[in-house]
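# Sequence and predicted structure below; questions after.
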Amino acid sequence: MIDQNLLLRNQTAIVTGGSSGIGQGIAIALGAAGANVVINFHGDEEGAKKTQQAVVDKGSKAIIVKGDVGKEEDVKMIFEETKKTFGELHILVNNAGIQEDKPFLEMSLEDWQKVIQTNLTGAFLCAQRAAKVFQEQGIKEEVSKACGKIIFISSVHDTIPWSGRVNYATAKGGLKMMMKSIAQELAPKKIRVNSISPGAIKTPINEHEWKDEEGKKNMLKKIPYGRIGDTEDIAQAAVWLSSDQADYITGTSLYIDGGMTLYPSFQEK
């Protein structure tokens, strides 16, 4: 296993949606790797405080900033607070996301727009702001070979259709192409842009499934590797993608799914 201790020393990261689940795990892992962490949250302040304490316990600095990534004025404020506290920014993890699940024929325009606004537009606003900051700062090779790093937290549903969740799957599919287009445009500026697409991961949002024996059994049918992922599976990959060890990687979607995108229902028995 790669020794990630202090791999990101002297760097600062913003993690959107860092109050629980995958975002919380990533924020803590970045802190353990030596980065200062800005933990963005929208509603769960208690969760954000727990993330902050966990980062501090790892020996790094952390602040929490409330803000809705779907609102441009809030995004501006998040980045201003980052600059005020830490001076520079080196990593953005675009993790904030929501679900509003309904059958297609029952989905309201509000259900559609709410998910697109947070999951896709919010990611666009944060990525654009981060890229501008990175370009203004320039490269400092004693800190990182790259000018800056952007990681989108997507989903296997940027590839696998998902009935009953057309808004979510559409947002994630759009996120994948946005990541690639941004990566293509920003590569000459030495700004690396990638995405991580998790499969089934144990988080509070799906706890009712993996804690139930029947629900867990159904989930495992979709995972050839035979286990449900943990937030650490995603978090350690985010640390590595943020580091100089991944300096030649940009425009790539890393699927961390135990083989879910291998379509196990087609497996021969």
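That came through, no problem.
# Adjacent strands (with direction) for the helix or strand hosting Val193?
Here Val193 sits within strand 191-198, counting by DSSP states H and E. Here strand 191-198 is paired, per DSSP bridges, with strand 148-153 (parallel), strand 253-256 (parallel).
# Those strands into CSV, with extra columns for mean pLDDT?
Below are those laid out as CSV (pLDDT from 0 to 100):
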stretch, mean pLDDT
strand 148-153, 98
strand 253-256, 98
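# Include distance to Lys114 and mean neighbour count when you put the ones you listed into JSON lines, please.
All C-beta spots, glycine's among them, are computed from the backbone N, C-alpha and C. Shown next, in JSON lines, are these (distance: least, Cβ to Cβ, whole Å; neighbours: other Cβ atoms under 10 Å):
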{"stretch": "strand 148-153", "distance to Lys114": "18", "mean neighbour count": "27"}
{"stretch": "strand 253-256", "distance to Lys114": "25", "mean neighbour count": "18"}
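# Adding distance to Lys61, write these out as TSV.
Formatted as TSV, these follow (distance: least, Cβ to Cβ, whole Å):
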stretch	distance to Lys61
strand 148-153	19
strand 253-256	28
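# Of all the ones you listed, which one is nearest Gly25?
For Gly25, the closest of the strands paired with strand 191-198 is strand 148-153, at 10.6 Å, according to Cβ to Cβ.
# Give me the residues contacting that closest one.
22-23, 26, 89-95, 97, 123, 127, 130-131, 133-134, 137, 175, 178-179, 182, 191-196, 198, 234, 238, 241-242 (Cβ atoms under 8 Å, 6 or more residues apart in numbering).
# Can you name every helix or strand that the longest helix anywhere in the chain contacts?
Across the chain, the longest stretch assigned as helix under DSSP state H is helix 166-186. Packing partners of helix 166-186 (3 or more Cβ pairs under 8 Å, 6 or more residues apart in numbering; DSSP states H and E): helix 109-116, helix 122-137, strand 148-153, strand 191-198.
# among those, which is the most enclosed?
Most buried of those by mean neighbour count (mean count of other Cβ atoms under 10 Å) is strand 148-153; its value is a mean of 27.
# can you give me the helices in the protein?
Shown for the chain, the helices assigned by DSSP H span residues 21-32, 45-57, 72-86, 109-116, 122-137, 166-186, 207-210, 213-220, 231-242.
# In TSV, list those helices along with mean pLDDT.
What follows is those, written out as TSV (pLDDT from 0 to 100):
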stretch	mean pLDDT
helix 21-32	98
helix 45-57	98
helix 72-86	98
helix 109-116	98
helix 122-137	98
helix 166-186	98
helix 207-210	74
helix 213-220	87
helix 231-242	98
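# Could you identify which of the ones you listed is most buried?
For the helices of the chain, average neighbour numbers computed from mean count of other Cβ under 10 Å are highest in helix 21-32, which has a mean of 28.
# can you list contacts of that helix?
Contacts with helix 21-32, where a contact means Cβ under 8 Å, 6+ apart, come from 4-5, 8, 13, 15-18, 37, 39, 47, 50-51, 54-56, 58-60, 62, 91, 93, 95-96, 153, 198, 201, 203-205, 230-232, 234-236, 238-239, 242.
# Report how many residues lie close to the nearest residue to Gln52 once chain neighbours are set aside.
Distances taken as Cβ to Cβ, 6 or more residues apart in numbering place Ala62 nearest to Gln52, at 4.5 Å, with adjacent residues excluded. By the measure other Cβ atoms under 10 Å, the count of residues near Ala62 is 27.
# contacting residues for Ala62?
Each residue near Ala62 by Cβ under 8 Å, 6+ apart is listed here: 27, 31, 36-39, 51-52, 55-56.
# Pipe these into CSV and attach distance to Leu262 per row.
Output for the contacts of Ala62, formatted as CSV (distance: Cβ to Cβ, whole Å):
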residue, distance to Leu262
Ala27, 30
Gly31, 33
Asn36, 38
Val37, 34
Val38, 36
Ile39, 34
Thr51, 33
Gln52, 38
Val55, 35
Val56, 40
